[in-house]
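Chemist: Dropping the sequence and predicted coords here.
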Amino acid sequence: QSPEQRSMPYDKARCLPKHRRQRLAMSQRRSKPEDKMTIASSEVVKGDLELDGASNDEKEMAPLSIDERYRKEREEMRIKHWKDSPFAAGLVNVSWQEEKSCSFGGMLQPEIDPDSAGCMCCSAMCCSRIGAGRVGNMAILHQSQEWVEEIEEDEETGEQRTQRFTRPKLNWMMGPYWPMLLLVTYPLILGVSFWTLVSAIPKRTLPVQFIWLVCTLGLIYALAMTAFRDPGILHKYHRPPPKGGNGWRWNDSAQSYRPKGAYYDPDCAVIVEGFDHTCPWTGTAIGKKNMLAFQFFVGLIFVCLIMDMLLLTGAWP
């Protein structure tokens with residue numbers, strides 16, 4: 001070798017045969033475009049990730065508009081009212097006035113339980129005018145305060161102590177289907193009873209008149225005690241009571257523990273003790289506190305129906 005060739009850096013490819021050097025050169029030419037594409041694609045992906053990160057940071061740092069801020073405050077207020085409510089109720093609007101604003105004022109309706117009662121437009125329009133309160137999807141017509149005593153267990157020492165405090169008591173209220181009650185059930189009962197009173201009762205004897213009057217008034221009273229009384233709405237329990245709390249279960253919809261036999265009613269959006277069903281004819285749920293009145297209502301409605309048919313057709317002498 002010449003002195004110039006000795007000074008050049010050593011290269012293994014020059015020592016290979018000619019056909020081997022040609023194959024190596026072809027393989028290098030094929031791999032170069034792929035390497036360039038791989039590098040380019042990785043740079044593009046990296047740039048996209050940087051842009052996405054920058055856009056997310058911009059979204060977080062961007063100031064909220066007045067409408068968005070107001071909607072966020074309303075949502076926080078709804079959640080706070082839901083968790084601080086003294087009753088085991090679902091997540092609904094705070095008041096009927098707010099429900100009216102969502103239904104008729106063009107405001108966005110919040111995400112409410114999809115299984116709850118459908119359109120609350122009638123309740124929002126009428127209950128907001130009379131100033132009725134709200135628990136779940138039920139309208140509170142009158143409430144008072146009551147003194148109660150509960151046994152609480154100290155978390156640190158485990159000792160049980162009796163605590164006396166006041167809590168709201170629901171005296172008069174209506175269920176979510178009150179339009180059905182006032183526009184269908186009561187007009188049917190009062191209409192048939194008035195027709196019987198005018199056309200058939202004057203011709204009957206005094207004992208028959210007395211029996212008919214007692215049954216009809218009892219039917220109207222039983223319906224009122226079923227429809228306008230508390231069906232047994234459970235007060236909220238953040239933990240089960242220490243005495244007899246083994247059968248209590250947690251309910252996510254109402255954020256409360258519930259005893260055995262109490263269930264969440266999606267139509268009324270409350271937990272009802274001894275819940276049986278929701279009756280659209282009475283407009284409300286049937287539970288522990290209005291079950292007896294509902295049974296009298298069902299029994300008397302059949303008695304009055306048969307009696308009115310016999311009196312109007314002349315089959316009753």
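Modeler: Right, received. Where do you want to start?

Chemist: Next, please give the residue ranges for the strands of this protein.
Modeler: Secondary structure of the chain (DSSP state E): strands located at 133-135, 138-153, 160-174, 249-251, 256-258, 263-265, 270-272, 277-279, 284-286.

Chemist: What pLDDT is listed against residue 311?
Modeler: On pLDDT, residue 311 comes in at 92.

Chemist: how deep is it tucked in, by neighbour count?
Modeler: By other C-beta atoms under 10 Å, 20 other residues sit near residue 311. Just so you know, the C-beta spots here come from the backbone N, C-alpha and C atoms, and that holds for glycine as well.

Chemist: so who does it touch?
Modeler: Residue 311 makes contact with 196, 200-201, 204, 208, 212 under the criterion C-beta atoms under 8 Å, 6 or more residues apart in numbering.

Chemist: follow-up on the earlier one: of the strands of the chain, give the one that comes closest to residue 304.
Modeler: Relative to residue 304, the nearest member of the strands of the chain by C-beta to C-beta is strand 277-279, separated by 17.7 Å.

Chemist: For that closest one, list every residue counted as buried.
Modeler: Within strand 277-279, the residues scored as buried using 16 or more other C-beta atoms under 10 Å are 278-279.

Chemist: Would you give the sheet partners of that strand, along with the direction of each?
Modeler: The pairing partners recorded for strand 277-279 under DSSP bridges are strand 284-286 (antiparallel).

Chemist: Can you list which of the contacts of residue 311 are found in helices?
Modeler: Members of the contacts of residue 311 lying in helices (criterion: DSSP state H): 196, 208, 212.

Chemist: in the stretch 201-317 of the chain, which spans are helices?
Modeler: Listed in chain order, the helices of the stretch 201-317 of the chain (DSSP state H, counting those that start in this stretch) span 206-227, 291-313.

Chemist: Just want the angle from the shortest one to strand 160-174.
Modeler: Orientation note: helix 206-227 sits at an angle of 120 degrees relative to strand 160-174 (axes from the mean of the first three to the mean of the last three C-alpha atoms, to 10 degrees).

Chemist: Can you tell me what sits against helix 206-227?
Modeler: Outside helix 206-227, the residues that touch it by C-beta under 8 Å, 6+ apart are 174-175, 178, 181, 185-186, 189-190, 193, 196, 201, 204, 279, 282-284, 286, 290, 293-294, 296-297, 300-301, 303-304, 307, 311, 316.

Chemist: hmm, back to that, okay, among the contacts of residue 311, which ones form the most distant pair?
Modeler: The distance between the two most remote of those (C-beta to C-beta) is 11.2 Å, for 196 and 208.

Chemist: Same drill for those two, tell me which one is more crowded.
Modeler: Shown here are residue 196 and residue 208; by other C-beta under 10 Å, residue 196 has more neighbours (20 against 17).

Chemist: Give the full set of residues in contact with the more buried one.
Modeler: So residue 196 contacts 212, 308, 311-312 (C-beta under 8 Å, 6+ apart).

Chemist: Buried only: go through these for me.
Modeler: For these, a burial check counting by 16+ other C-beta under 10 Å picks out 212, 308, 311.

Chemist: Closest to residue 92 out of those?
Modeler: residue 308 (40.3 Å).

Chemist: surely that closest one meets residue 192?
Modeler: Yes: with contact defined as C-beta atoms under 8 Å, residue 308 and residue 192 form a contacting pair (5.6 Å).

Chemist: which stretches of the stretch 51-200 of the chain have low pLDDT?
Modeler: Low-confidence segments of the stretch 51-200 of the chain (pLDDT under 70): 51-64, 67, 103-119, 153-156, 158.

Chemist: What are the boundaries of the helices in it?
Modeler: Secondary structure of the stretch 51-200 of the chain by DSSP H, counting those that start in this stretch: the helices cover 66-84, 96-104, 121-130, 178-180, 186-199.

Chemist: any chance of those helices in a markdown table, plus distance to residue 169?
Modeler: Formatted as a markdown table, these follow (distance: least, C-beta to C-beta, whole Å):
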| stretch | distance to residue 169 |
| --- | --- |
| helix 66-84 | 18 |
| helix 96-104 | 20 |
| helix 121-130 | 19 |
| helix 178-180 | 20 |
| helix 186-199 | 26 |
